[in-house]
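Enquirer: Need the 3D shape of this:
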Amino acid sequence: MNDEPVAGRRGLLKALAVGVPGAAWAPHALGAPKDAAPPPQPSASAANASGNRTLKFFNAQEARTMDAIAARLIPADELGPGAKEAGVTNFLDGQLAGAWGAGSQLYRQGPFEKGTPEQGYQLSFTPAEMIRRGLASLDAAVRKQDGKPFAELDEARQDAWLRDLQAGKPDFSPLPSDVFFQALLEATIEGFFSDPLYGGNADMVGWKLVGFPGAFASFSNDIERHGVIWVGQPVSIANAASHKMTPGGKHG
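Expert: Next up is the predicted model:
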């Protein structure tokens, strides 16, 4: 585990860029520095991502807990909205309600024994079973120790619990709490950077953060513009059909 703090989403992006496993959320809070400028207000679509929504898998309490977790893993800061505003809970809700949540592509015949990190996921739970069990175990443990659910804790206590999860300290047997944390982290990152078609990355805030163009059909007008930052508006799969290339478009 990387023992150095990851400061804000700049640190998150650096950690992802170098491919450090688990380093996207270090043992210190990801929140912006206290003297940082207040985060910009999210757009209407981003703001509504965690507002009025129809849940397919989560119940209301699970959704509140997941919102709170996402808000600490990738918080809003001076660079823009965070994972909660981007609709990561909506993204995960849809995934857990579908084939991925049911473990349709997982080998589930056993034996189920503790493996090495290189062997990947070794548990008998489907993703839906794991997330539901983990969220319930987390809230039960938090209520027992702090007297309130995770979503009602202050940010410092939420970060402390997430650090403990990352270290595998809480006993959620038979679910290892560090495996549960890693699943939450990976799902949060995926939801923040996925195509908005899948329920997350509202208003394409994740793509705008890193300058990713999205589902453009062709980059023929830009492919030879070396060293030039791409400054267009990203395109989702949902609206890619309306994107038109300029016939005979020239570079530069």
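Enquirer: helices or strands up against the helix ranked longest in the chain?
Expert: The longest helix of the chain (DSSP state H) is helix 127-146. The contact analysis (3 or more Cβ pairs under 8 Å, 6 or more residues apart in numbering; DSSP states H and E) places helix 127-146 against helix 60-73, helix 88-96, helix 155-167, strand 171-172, strand 175-176, helix 177-193. Any C-beta I mention is one placed from the backbone N, CA and C, and that applies to glycine too.
Enquirer: Could I get the buried residue list for stretch 219-231?
Expert: In terms of neighbour count (16 or more other Cβ atoms under 10 Å), stretch 219-231 has its buried residues at N221, D222.
Enquirer: cool, and stretch 192-200?
Expert: Buried residues in stretch 192-200, defined by neighbour count with 16+ other Cβ under 10 Å: F192, F193, S194, D195, P196, Y198, G199, G200.
Enquirer: Any idea which helix or strand in this protein has the lowest mean pLDDT?
Expert: Within the chain, no helix or strand scores below helix 44-47, which has a mean of 53 by mean pLDDT, DSSP states H and E.
Enquirer: so where's the stretch 1-150 of the chain uncertain?
Expert: Scanning the stretch 1-150 of the chain for pLDDT under 70 picks out the ranges 1-52.
Enquirer: residues in contact with the residue nearest in space to the middle of the chain?
Expert: Closest residue to the average C-alpha location of the chain: T188 at 1.3 Å, with Cα atoms, centre = their mean. Applying Cβ atoms under 8 Å, 6 or more residues apart in numbering to T188 gives the contacts I69, A70, L73, I74, A83, V88, L92.
Enquirer: circling back to that earlier point, return the most buried member of the helices and strands packed on helix 127-146.
Expert: helix 88-96 (a mean of 26; mean count of other Cβ atoms under 10 Å).
Enquirer: so what's the closest residue in space to G94 that isn't next to it in sequence up against?
Expert: The shortest distance from G94 to any non-neighbouring residue, by Cβ to Cβ, 6 or more residues apart in numbering, is to G199 (4.7 Å). Contacts for G199 (Cβ under 8 Å, 6+ apart) come out as G87, N90, F91, D93, G94, G191.
Enquirer: what's the answer for F125, then?
Expert: Contacts of F125 by Cβ under 8 Å, 6+ apart are G103, R133, L175.
Enquirer: Can you get me a residue count around the second one?
Expert: Meaning R133. Neighbourhood size, R133 [other Cβ atoms under 10 Å]: 15.
Enquirer: still on that earlier bit, let's have the contacts of T188 in a markdown table, adding distance to A151.
Expert: Putting these into a markdown table (distance: Cβ to Cβ, whole Å) gives the following:
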| residue | distance to A151 |
| --- | --- |
| I69 | 9 |
| A70 | 11 |
| L73 | 14 |
| I74 | 17 |
| A83 | 14 |
| V88 | 14 |
| L92 | 15 |
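Enquirer: now, which of those sits nearest D222?
Expert: Nearest to D222 among these is I74, at 28.4 Å by Cβ to Cβ.
Enquirer: Quick check: the closest one touching G191?
Expert: No - judged on Cβ atoms under 8 Å, I74 makes no contact with G191 at a distance of 9.2 Å.
Enquirer: what touches both of the two?
Expert: Common neighbours of I74 and G191, counting by Cβ under 8 Å, 6+ apart, are A83, A86, V88.
Enquirer: Please list all residues in contact with the second one.
Expert: Pointing back at A86 there. Residues in contact with A86 (Cβ under 8 Å, 6+ apart) are A46, A49, I74, G191, F192, G200, N201, A202, D203, V205, G206.
Enquirer: now swap in the first one and tell me
Expert: Residues in contact with A83 (Cβ under 8 Å, 6+ apart) are A70, A71, L73, I74, P75, T188, G191, F192.
Enquirer: part of a strand, is it?
Expert: No - in this structure, A83 is coil, not part of a strand, as judged by DSSP: H, G, I helix; E, B strand; the rest coil.
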